[in-house]
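J.: Here is my input, please return the structure:
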Amino acid sequence: MFDPTKLDEALSVLGELLFERQHRFEVVAIGGGGLQLLGVIDRPTSDLDLVALLEGDKLIRVGLSLPPALAEAVADVARVLNLASNWINGGPTALLDLGLPNGFVDRLERRTYGGLQLRLASRFDQIHLKLYAAADDIPAGKHHVDLRKLRPNREELLAAAHWAKTHDASEGFAMLLADVLRDFGVEE
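T.: I've put the predicted structure just below:
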């Protein structure tokens, strides 16, 4: 499990290793690890979720396998620091299939770790992603807690709900989403 200091340390080691090997990657992170690095949460998290690679202003699917040079460096850092082999993973890359919130790339926050350029989803975009996840989570679950830590206002929640419905248009999801919004004092 990572706390903010340990995650930052692991990314520093990874960035230096990539630099030494003359590799450079630009990646986009979301989720708990990203929220830790933004200083929004301090709860432990097990990994850093990559939604995409970034080439210029274009988001590229990560897939289940990271690019070979990046995967090798991630594995080497995992061995040295005694981390899980999937401490960096492309699990949420499927979000690209239906689209991220409009303007997502323009709002990314940048961190540099040697040969690793890490882009973090902005607070506004994290609200969208966490609301979407909270609809499938229990009310006391980590996604609800993380969403509360983001302190969204009514307009942000409504914008996030509109986006979330583009990913799941089912009546069941709409009901779950409405429940979460009510928990935050927002009626649609």
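J.: domain ranges for this protein?
T.: Domain assignment of the chain by automatic domain parsing yields the ranges 4-121, 124-183.
J.: Run a quick neighbour tally on Leu54.
T.: For Leu54, the neighbour count with other CB atoms under 10 Å is 19. Where you see a C-beta, it was placed from the backbone N, CA and C, and this is true even at glycine.
J.: no wait, Leu81
T.: Neighbour tally, Leu81, other CB under 10 Å: 13.
J.: before we move on, which element is the closest residue in space to Glu156 that isn't next to it in sequence in?
T.: Sequence neighbours aside, Ile127 is the residue nearest to Glu156 in space, at 5.1 Å (criterion: CB to CB, 6 or more residues apart in numbering). Using DSSP states H and E, Ile127 sits within helix 123-134.
J.: Can you list phi and psi of Leu59 for me?
T.: phi -90, psi 130 (degrees, to the nearest 10).
J.: For it, grab the count of nearby residues.
T.: Neighbours of Leu59 (other CB under 10 Å): 21.
J.: Distance-wise, check the nearest residue to it once chain neighbours are set aside relative to Asp42.
T.: Excluding its sequence neighbours, the residue lying closest to Leu59 (CB to CB, 6+ apart) is Ala52, at 3.9 Å. Distance from Ala52 to Asp42, counting by CB to CB, to the nearest Å: 26 Å.
J.: between these two, which one's more packed in?
T.: For Ala52 versus Asp42, the count of surrounding residues by other CB under 10 Å is larger for Ala52: 24 against 12.
J.: now the residue most central in space within the chain, nearest residue through space, not along the chain?
T.: With distances taken as CA atoms, centre = their mean, the residue of the chain nearest its centroid is Ile30 (0.9 Å). Distances taken as CB to CB, 6+ apart put Ala121 closest to Ile30, at 4.5 Å, once the chain neighbours are dropped.
J.: Quick one, grab the pLDDT at Ile30.
T.: Per-residue pLDDT puts Ile30 at 94.
J.: residue contacts, it?
T.: Shown in contact with Ile30 (CB atoms under 8 Å, 6 or more residues apart in numbering): Asp49, Leu50, Val51, Pro92, Leu95, Leu120, Ala121, Asp125, Gln126, Leu129.
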